[in-house]
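1. what follows is a predicted structure for the sequence shown.
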Amino acid sequence: MSTALTDALAWLSVGLFGAAVVLDWYDGTRGRGRARYLASGAWVVFGVFWLVLFPHFAFEQRSFIEGALSLAALPACLYAAYLLAQGRETLFILSRAVAFMGLIYMPFTMISPAKTWLIELVTMQGEFVMRTMGYEFEVIQHERDLWGTYLFVHPTKGEFTTNVLLACTGLGSMAIFGGLIAAVRAPLRRKLRALAIAIPVIWVLNLARVVFITLAFSFQWLQIFVDPISGLVGYDNPNMVSYFISDRVIAQSLSVVALVGIAWAVAREVPEILTVAEDVLYMVTGDEYDLHDAVGSDHAVETAVRADGEGE
């Protein structure tokens, strides 16, 4: 997979979404025709971006969950583009959210000091947790000037190293909620409360994930069904089975559950984001839903609402 190609597609889609947001603001009440078609084009590019990532997730990372989601993203994005072009203007909220998500996430992929700082911060906190639990190990460099690898010595199987990468920092999940919260029209105080719920919870759960995967792999806790899993996934080293089960199966499955729970808690503070969930459900089922009563938010929407969920 070409990193240059994926980076170019990512920046192009974020740029198109951002340009659509600016054009929507500029056009104002004169109509959203130009912004709507530009955002539709952004969704097409975004879908291609996820399609290009499919081989990376499915074959290099051997992640069935991420591979399936990246493959499903193409038809979903194309359908979003179609609905938006046909006039479903509530999708402007999701379009804005993607633009903000990219602006939060992408700088950490391009600015080396920011990436290094974030990875080393997670590594240091994981080290503190595991040393507090009584484990002995070393933290070594896995790239020049980047201290982000745990080195454990197994009593019978030798050395095991676990690298903390940018994907291990929880940045992706934080960008999702940061983008959603930034995209909706809601009072700043409620947005800040929602961020105060989402970001710390994601950070703590992600740190627990890093610690669990590191220990499960380093001490080979999950060496079950070794031959079938090695054959299915294509591992030459059978010791990787513990890593596969702990990360690709247990951690990623629980992450989906955790994200749903966090979304519910955030929606109680900022119910405006439920418009996004309603759009997603419509794209999946073809039926309209009203989720506001189901969440039971304590906050009434404080502004008059147009068809796209924004204040008049």
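-> Structure's in. What do you need? Here the structure is a predicted model, which means the values were calculated and not measured.

2. for Ile119, which non-adjacent residue is spatially closest?
-> Gly148 (4.7 Å; CB to CB, 6 or more residues apart in numbering). Where C-beta positions appear, they are placed from N, C-alpha and C, glycine not excepted.

3. Three-state assignment for that neighbour, please.
-> strand (DSSP: H, G, I helix; E, B strand; the rest coil).

4. from Phe57, how far out is it?
-> Separation of Gly148 from Phe57 (CB to CB, to the nearest Å) stands at 21 Å.

5. if you count what's nearby, which of these two comes out ahead?
-> Gly148 (25 against 20; other CB atoms under 10 Å).

6. which stretches of the stretch 51-200 of the chain form strands?
-> 138-143, 146-154, 158-163 (DSSP state E, counting those that start in this stretch).

7. who are the packing partners of the longest one?
-> Read it as strand 146-154. helix 112-132, strand 138-143, strand 158-163, helix 188-218 (3 or more CB pairs under 8 Å, 6 or more residues apart in numbering; DSSP states H and E).

8. tabulate those in JSON lines, adding columns for mean neighbour count, mean pLDDT and distance to Asp247.
-> Listed next are the helices and strands packed on strand 146-154 as JSON lines, based on neighbours: other CB atoms under 10 Å; pLDDT from 0 to 100; distance: least, CB to CB, whole Å:
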{"stretch": "helix 112-132", "mean neighbour count": "16", "mean pLDDT": "96", "distance to Asp247": "14"}
{"stretch": "strand 138-143", "mean neighbour count": "14", "mean pLDDT": "90", "distance to Asp247": "17"}
{"stretch": "strand 158-163", "mean neighbour count": "15", "mean pLDDT": "95", "distance to Asp247": "10"}
{"stretch": "helix 188-218", "mean neighbour count": "18", "mean pLDDT": "97", "distance to Asp247": "5"}
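
9. okay, these in TSV with distance to Gln86 next?
-> As requested, the helices and strands packed on strand 146-154 are exported to TSV (distance: least, CB to CB, whole Å):
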stretch	distance to Gln86
helix 112-132	39
strand 138-143	47
strand 158-163	45
helix 188-218	30
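
10. of all these, which lies closest to Trp25?
-> Shortest distance between Trp25 and these, using CB to CB, is found for helix 188-218: 18.1 Å.

11. can you list the domains in the chain?
-> 1-89, 112-312 (automatic domain parsing).

12. so how far is the shortest one from its chain's centroid?
-> Relative to the mean C-alpha coordinate of its chain, domain 1-89 is positioned 14 Å out (CA atoms, centre = their mean, to the nearest Å).

13. what of the longest one?
-> Relative to the chain's own centre, domain 112-312 is displaced by 7 Å; criterion: CA atoms, centre = their mean.

14. show me the one of the domains of the chain that comes nearest Ala97.
-> Closest among the domains of the chain, using CB to CB: domain 112-312, at 3.8 Å.

15. so who does the spatially closest residue to Trp221 that is not a sequence neighbour touch?
-> Nearest non-adjacent residue to Trp221, counting by CB to CB, 6+ apart: Ser242, 5.9 Å away. For Ser242, the contact set (CB atoms under 8 Å, 6 or more residues apart in numbering) comprises Ala216, Phe217, Gln220, Trp221, Leu222, Gln223.

16. from those residues, which is closest to His154?
-> Among the contacts of Ser242, and counting by CB to CB, the member closest to His154 is Gln220, at 6.6 Å.

17. for the closest one, which three-state class applies?
-> Relying on three-state DSSP, one would call Gln220 coil.
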